[in-house]
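1. Need a 3D model of the sequence below.
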Amino acid sequence: MEQKETRPEGVRRDDADPAGGSGSEGLGNAGHGSETRPENGSRVPFAAWDRTRVLQAMSREPVDLLVIGGGITGAGIALDAVTRGLRTALVEMQDFAAGTSSRSTKLIHGGLRYLKQLEFGVVAEVGRERAVVYENGPHVTTPEWMLLPFYKGGSLGRVSTSLGLALYDWLAGVKRSERRIMLSPRETLEREPLLKREGLRGGGLYVEYRTDDARLTLEVLKKAVECGALAVNYAAAESLLYQGGRVAGAVVRDRIGDGRYEVRARHVVNAAGPWVDSIREMDRSKEGKTLRLTKGVHLVFDGRRFPLRQAIYFDTPDGRMVFAIPRDGKTYVGTTDTDYQGDPARPVMEEADLVYLLDAANFMFPSLNLTPRDVESSWAGLRPLIRQEGKNPSEVSRRDEIFVSPSGLISIAGGKLTGYRKMAEKVVNLVALKRKEDGLPPLPPCRTRTLPISGGDVGGSAGFEAFVRRQIPGGVAAGFSEEEAARIAKRYGSNARRLFRLAAESRGLAERHGLPPALAAELLYAMEAEMAVKPEDFWIRRTGMLYFDRPGVVKWKEAVAAVMAERLGWDEEQRGEYDRDMERLLEEAVRPVAP
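-> Purely as a prediction, here's the structure:
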């Protein structure tokens, strides 16, 4: 059925800036053939207080590409598109990375498990992409040796493990220094003494890449903004716009300020993750293949209670594989894989998830005797997989697929965190083809393979450690300890200099509100450079502290909320709402919710 041109009543388009200016100075100035703005430390429109200006700029004139969804897939598409010269806008109805992209196992990996499913193409593509992701952002990705123990009577043996890891190395193009190493039982226990000893036959060592998934998403999106893209969070695509039967944009509602904006676009990409089918329903094109949402839960333990030395990937009694990974003085274990029917915005740990993961951990690390009281935090996320009938959740392919509706809406679903850049390239290549069919000039090829993401100008992986050392004196001069300066340089990469410059301003805030100086600087940076709007944005997506330092969140949450209220002008109702949200999130992190 042909959809007619629509413009809902009360929606803004070409509004004048209420302050009297254009409202878009310096915003979204990339167009076809325009130069990419370099990362030079200049201010980019990505502050929490820029949101209204960005929405006004989006609605003022049509964009070439509107991306719906601010997870890693949407962020990657925005970066690929803007660096090829397309005027690009991105809207996210929650915070950036609030869905799947902050709730993964936090690994950039080649998908060893997919060898069991004979998905050699998936292993080859995402395996080779690991190196690209690492080189472009070594401040958010780091190599991690993973130990795969095998036992008498288990699904893996020495020969099958050795051959599997060798095939993995070959398919993924693993460099010589990171190729698999086979260990004897004694060597395996020397690497990790907590492992179950009964029936141990040895182990295989191979390299995965650990990441901060939310910060990876933010750095990709910040790079897109630095290159001229327009991006805004808490902005929901309420309905789609059409012209001559073709999708031509969306009506976007500001979920913070309640304004509604008409964003016109030549092409619209639906990269909404678990909500992909909801956008397809808006377009009346949800037919054929659909999504199957599965839930994955991870538990976090204090490192003193679970003193894991070595990351482990192990068989469970039901034949699934589970990770146990040390990180920043904690150990996290996951993941589950179960079908999900609830609210996509609120997946949580349930009793069955807790029991399953505790049983798995105690099976492989029997001396620990872990109990629910030992769980310091947790997170639950959804996988938006392509439905395959007759398969259990762990058997469903993780391949990505692109759907194009009769109206021209481009939807992408499935895929892995590791493959975000290639997924983005495929989507923008399709946009380029459609532009060519419309008689428009051709686009240049993808430019992101060797493009550092925001914070990634550190001399590549080989130069990163030296870069961190060079930043320490600047951090100390700004008033931080050597340890704090190094931590900031490792987390923020080449953007650390900006945090150091914020030290003087943050020092007054820190003293007034009783915050540690480094945390105050990170908070200011999150609001000024990463569009952190709510306390949960800061505690979950900007710092990860709700997962890996829950006691720190409990200690500093009131002070952080007070600073944000002061800077962002919250009224009492907003402050109360955000405080209640934090209390709920803190509770859900440790207490399973009844199904």
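2. Which residues are in contact with Thr543?
-> By Cβ atoms under 8 Å, 6 or more residues apart in numbering, Thr543 lies in contact with 522, 526. (Each C-beta comes from the backbone N, C-alpha and C, glycine too.)
3. pLDDT at it, what is it?
-> We have a pLDDT of 97 for Thr543.
4. So what are the structural domains in this structure, by residue number?
-> Following automatic domain parsing, one gets these domains for the chain: 50-100+215-290+398-437, 143-210+292-386, 461-588.
5. Please identify the deepest-packed of those.
-> domain 50-100+215-290+398-437 (a mean of 23; mean count of other Cβ atoms under 10 Å).
6. Within the helices and strands, which one has the closest residue in space to Arg201 that isn't next to it in sequence?
-> Excluding the flanking residues, the one nearest Arg201 by Cβ to Cβ, 6 or more residues apart in numbering is Phe150, at 5.3 Å. In this assignment (DSSP states H and E), Phe150 forms part of strand 141-151.
7. Starting from that strand, tell me which strands it pairs with and how they run.
-> With DSSP bridges as the test, strand 141-151 is paired with strand 200-211 (antiparallel), strand 311-315 (parallel).
8. For that strand, what does the pLDDT average out to?
-> The model assigns strand 141-151 a mean pLDDT of 93.
9. what distance separates it from the centre of its chain?
-> 22 Å (Cα atoms, centre = their mean, to the nearest Å).
10. how about the residue nearest to Arg201, what does it touch?
-> Phe150 neighbours (Cβ under 8 Å, 6+ apart): 156-158, 161, 200-204, 315.
11. before we move on, the earlier item: redo the strands paired with strand 141-151 as CSV? Include mean pLDDT and distance to Leu241.
-> Listed next are these as CSV, based on pLDDT from 0 to 100; distance: least, Cβ to Cβ, whole Å:
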stretch, mean pLDDT, distance to Leu241
strand 200-211, 93, 36
strand 311-315, 94, 47
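12. For His267, find the nearest of these.
-> Nearest to His267, of all the strands paired with strand 141-151, is strand 200-211, at 29.7 Å by Cβ to Cβ.
13. next SSE after the closest one?
-> Following strand 200-211 in sequence, per DSSP H and E, is helix 213-226.
14. could you give me the average pLDDT of that next one?
-> 98.
15. before we move on, what about stretch 509-523?
-> Mean pLDDT, stretch 509-523: 93.
16. Please report how far the residue nearest to Arg179 when sequence neighbours are not counted lies from Asn362.
-> Leaving aside its chain neighbours, Arg179 sits nearest to Asp169 (4.8 Å; criterion: Cβ to Cβ, 6+ apart). The spacing between Asp169 and Asn362, counted by Cβ to Cβ, to the nearest Å, is 32 Å.
17. Neighbouring strands - and their directions - for the helix or strand where Met182 lies?
-> Assignment of secondary structure by DSSP H and E places Met182 within strand 181-183. Sheet pairing for strand 181-183, assigned by DSSP bridges, gives strand 200-211 (antiparallel).
18. Dump the strand it pairs with to PDB, keeping only the CA atoms.
-> The C-alpha coordinates for strand 200-211 follow below in PDB (Å, rounded to 0.1, in the frame of the first residue of the first chain):
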ATOM      1  CA  LEU A 200      41.900 -32.300  33.500                       C
ATOM      2  CA  ARG A 201      43.700 -33.300  30.300                       C
ATOM      3  CA  GLY A 202      45.300 -30.000  29.400                       C
ATOM      4  CA  GLY A 203      44.400 -26.700  27.900                       C
ATOM      5  CA  GLY A 204      44.800 -24.500  24.800                       C
ATOM      6  CA  LEU A 205      45.800 -20.800  25.000                       C
ATOM      7  CA  TYR A 206      44.700 -18.400  22.300                       C
ATOM      8  CA  VAL A 207      44.200 -14.600  22.100                       C
ATOM      9  CA  GLU A 208      40.900 -12.800  22.300                       C
ATOM     10  CA  TYR A 209      40.500  -9.000  22.600                       C
ATOM     11  CA  ARG A 210      38.800  -7.500  25.700                       C
ATOM     12  CA  THR A 211      36.900  -4.200  25.200                       C
END
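19. That strand vs helix 213-226, what angle?
-> If you take axes from the mean of the first three to the mean of the last three Cα atoms, to 10 degrees, strand 200-211 sits at 30 degrees to helix 213-226.
20. From the chain's centroid, how far away is strand 200-211?
-> 24 Å.
21. cool, and stretch 120-133?
-> 18 Å.
22. ok, now stretch 158-172?
-> With Cα atoms, centre = their mean, you get 29 Å for stretch 158-172.
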